[in-house]
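K.L.:
Show me how the following folds:
(one chain, ligands or ions: 1)
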Amino acid sequence: MLKNREIILGVSGGIAAYKSVELLREMTKKGANVHVVMTQNAQQFVTPLTFQTLSGNPVLCDMFRLLEDSKIGHVTLADIADLMVIAPATANILGKIANGIADDFLTTMVMATKVPVLFAPSMNVNMWHSSFVQNNVERLKAHGYQFVDPIEGDLACGSVGKGKLADIEEIVEKIEDIFTKKDLSGQHVLITAGPTLEPIDPVRYITNRSTGKMGFALAKMARRRGAEVTLITGPHYLSLPRRDIPQIVVNDARQMHEAVKHYFEDCHIVIMAAAVADFRPQDCLTEKITKRKNGTYLLEMDRNPDILKELGEKRRNHILVGFAAETSELMENAGVKLKEKNLDLIVANDVTQAGAGFGVDTNIVKILDAQGKVRKVPILSKDEVADIILDQVVKLVKKKEKDLPWPRNW
Ligand code: CTP
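P.N.:
Numbers count the residues shown, from 1 in each chain. Below you'll find the model as predicted:
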């Protein structure tokens, strides 16, 4: 998404200015060409040399100095850029721009540009909540400016509350979001992720090696592509993919079953990436099993509901996508599951392969559709794999929309 993009990073004078260095690094790592513009106050916190060294471009501070880069020539940065990000955005800079003041290089550029502008504010909690700042934010939003709101936390001024610059990961995610085509807008996607934990006694449970990474990647990418996403996940140790994805955390398969049933009617697409346990201990004991009382211990198991199979029976115009985590006969097993569960797509992966399956950041999959067509996806990051799966889903959405009778009611 950021490869070869020209991005202007505006840095205004707040203590979080040092974090912009990290933001610059992340954007350049992803292939963007970043041009930094600093206000005078920002230079009190970080020197232009830091940004210049890391961006490989001259840092612009002085409104009256001509641009030096010969490649840019007389074309101003505001014209060639794909996006402007102002991070941190102080109360002062928001106030100036909201009220049409252009008295330095940065504010002039914001006024002059036609490209999307993203603000990541950072300030003291009382400043953030003040009616002046809030009115300015509302005003800027009404004019089409975009925001990554600050988060709660310990602030540099010693107080605690909302005002901390959003995490760099979240700012980068918002930037990638701005560049993403919204081909899933209007679609409600239900995604399950992670393992389920089937309790044995108050201290033990049965689970599997799923960490939730694939499901979380799908949730993030679907939201980025404009879908309304609901994420139902088993217990996990991951950070939330985005603040705007509601997350329902369940423990066991029966809870996941209830949660999925609750959302199924109102969604258009279900992607079951969760590794649901097929069996659970017959009774969850109220007392811990001790070895003193039991020389050997035989655990009796009951079948859990097959959630996806049930959805396959109930489906109307839904699009259903399953996963098949296999250790042998990959495509045979995946094909049987696709048929038995009445799915549109099944994503098959051999979890014994290095770089695929549980816990890793990459995956190697084969996507099988109901017509028997197979799309082979080589080793890629789970975000990239998620995008390829969603490309297939978008094709199905388009086909369904064409086939649905008028009025097109999902
Ligand atoms: N699944 C489900 N409910 C279950 C088990 C699996 O909804 N009780 C879903 C998974 O989320 C996945 C698909 O069904 O999308 C296939 O899961 P998998 O564990 O590969 O296969 P199973 O159907 O459980 O069959 P088996 O364990 O015999 O391979």
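
K.L.:
For beta bridges, what are the partners of the residue in the stretch 51-200 of the chain that the ligand sits nearest to?
P.N.:
Proximity to the ligand, evaluated over the stretch 51-200 of the chain using Cβ to the nearest ligand atom, is greatest for T192 at 6.2 Å. Just so you know, the C-beta spots here come from the backbone N, C-alpha and C atoms, and that holds for glycine as well. Here T192 shows beta-bridge partners I232, M272, assigned using DSSP bridges.

K.L.:
now K373: how far from L140?
P.N.:
In this structure, K373 and L140 are separated by 47 Å, where distance is defined by Cβ to Cβ, to the nearest Å.

K.L.:
of these two, who's got more company?
P.N.:
Neighbours were tallied for K373 and for L140 using other Cβ atoms under 10 Å; the higher tally belongs to L140 (20 against 10).

K.L.:
and that one, what element?
P.N.:
With the criterion set as DSSP states H and E, the secondary-structure element containing L140 is helix 131-142.

K.L.:
three-state assignment of A348?
P.N.:
At A348, secondary structure determined by DSSP: H, G, I helix; E, B strand; the rest coil is strand.

K.L.:
Hmm, it is touching V336, no?
P.N.:
No. Contact between A348 and V336 fails when scored by Cβ atoms under 8 Å: they sit 10.9 Å apart.

K.L.:
Pick out whichever of these two has more residues nearby.
P.N.:
Here A348 and V336 are set side by side on neighbour count (other Cβ under 10 Å), and the busier one is A348, at 23 against 13.

K.L.:
Contact partners for that one?
P.N.:
Contact criterion Cβ atoms under 8 Å, 6 or more residues apart in numbering gives 323-324, 326, 330-331, 333-334, 365-368 as the residues in contact with A348.

K.L.:
State the distance from the residue of the stretch 51-200 of the chain closest to the ligand to Y263.
P.N.:
10 Å.

K.L.:
quick one: common contacting residues for these two?
P.N.:
I232.

K.L.:
If you count surrounding residues, which of those two has more?
P.N.:
For T192 versus Y263, neighbours defined as other Cβ under 10 Å are more numerous around T192 (29 against 15).

K.L.:
how much space is there between that one and V321?
P.N.:
When Cβ to Cβ is applied, the distance between T192 and V321 equals 11 Å.

K.L.:
again, but for P378
P.N.:
For P378, the distance to V321 (Cβ to Cβ) stands at 20 Å.

K.L.:
ok, these two, which is more surrounded?
P.N.:
The neighbour count for P378 versus V321, taken as other Cβ under 10 Å, is higher for V321 (26 against 11).

K.L.:
Could you measure from Q247 over to the ligand?
P.N.:
Note on Q247: its distance to the ligand, by Cβ to the nearest ligand atom, to the nearest Å, is 17 Å.

K.L.:
Need the overlap of contacts for T192 and V321.
P.N.:
With contacts taken as Cβ under 8 Å, 6+ apart, T192 and V321 have 270-272 as neighbours in common.

K.L.:
unless I'm mixing things up, A334 is touching A324, no?
P.N.:
Yes. A334 is within contact range of A324, at 4.0 Å (criterion: Cβ under 8 Å).

K.L.:
shared neighbours, these two?
P.N.:
Shared contacts of A334 and A324 (Cβ under 8 Å, 6+ apart): 346, 348.

K.L.:
How many neighbouring residues does G372 have?
P.N.:
What G372 shows, counting by other Cβ under 10 Å, is a neighbour count of 8.

K.L.:
For H236, see how far away it is.
P.N.:
Separation of G372 from H236 (Cβ to Cβ): 34 Å.

K.L.:
what do you get for A259?
P.N.:
In this structure, A259 and H236 are separated by 15 Å, where distance is defined by Cβ to Cβ.

K.L.:
before we move on, the earlier item: in strands only, show me the contacts of A348.
P.N.:
Among the contacts of A348, DSSP state E puts 323-324, 326, 365-368 in strands.

K.L.:
that older thread, buried subset of the contacts of A348, written for ChimeraX?
P.N.:
The ChimeraX command for the buried members of these (criterion: 16 or more other Cβ atoms under 10 Å) is given here:
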select :323,324,326,330,333,334,365,366,367,368
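
K.L.:
ok, and which of the contacts of A348 reach the ligand?
P.N.:
Intersecting the contacts of A348 with the contacts of the ligand gives 323-324 (criterion: Cβ under 6 Å from any ligand atom).

K.L.:
And the helix or strand where K400 lies, what's buried?
P.N.:
Element membership of K400, judged by DSSP H and E, is helix 382-403. Counting neighbours by 16+ other Cβ under 10 Å, one finds that the buried residues in helix 382-403 are 382-390, 392-394, 396-397, 400.

K.L.:
Same check on stretch 298-305?
P.N.:
Burial within stretch 298-305, assessed by neighbour count using 16+ other Cβ under 10 Å, is assigned to 304-305.

K.L.:
Show me how far that stretch is from its chain's centre.
P.N.:
On the basis of Cα atoms, centre = their mean, to the nearest Å, stretch 298-305 is displaced by 35 Å from the centre of the chain it belongs to.

K.L.:
nearest to Q187, of the buried residues of helix 382-403?
P.N.:
Of all those, V397 has the smallest distance to Q187: 6.3 Å, by Cβ to Cβ.

K.L.:
So the closest one sits against I319, correct?
P.N.:
Yes. Here V397 lies in contact with I319, judged by Cβ under 8 Å, at a distance of 6.7 Å.

K.L.:
Report the contact partners of the closest residue to the ligand within the stretch 1-150 of the chain.
P.N.:
Scanning the stretch 1-150 of the chain for the residue nearest the ligand gives M1, at 27.7 Å (criterion: Cβ to the nearest ligand atom). M1 sits next to 30, 175-176, 179-180 when contact means Cβ under 8 Å, 6+ apart.

K.L.:
just to revisit the earlier point, what touches both of V397 and I319?
P.N.:
By Cβ under 8 Å, 6+ apart, the residues touching both V397 and I319 are 268-269.

K.L.:
If we look just around the ligand, which residues of the chain are in range?
P.N.:
If contacts are counted using Cβ under 6 Å from any ligand atom, the residues of the chain sitting beside the ligand are 253, 272, 274, 276, 278, 304, 306-308, 322-325, 337.

K.L.:
what are the ranges of the helices in the stretch 251-400 of the chain?
P.N.:
If DSSP state H, counting those that start in this stretch is used as the criterion, the helices of the stretch 251-400 of the chain fall at 253-264, 307-314, 330-340, 382-403.
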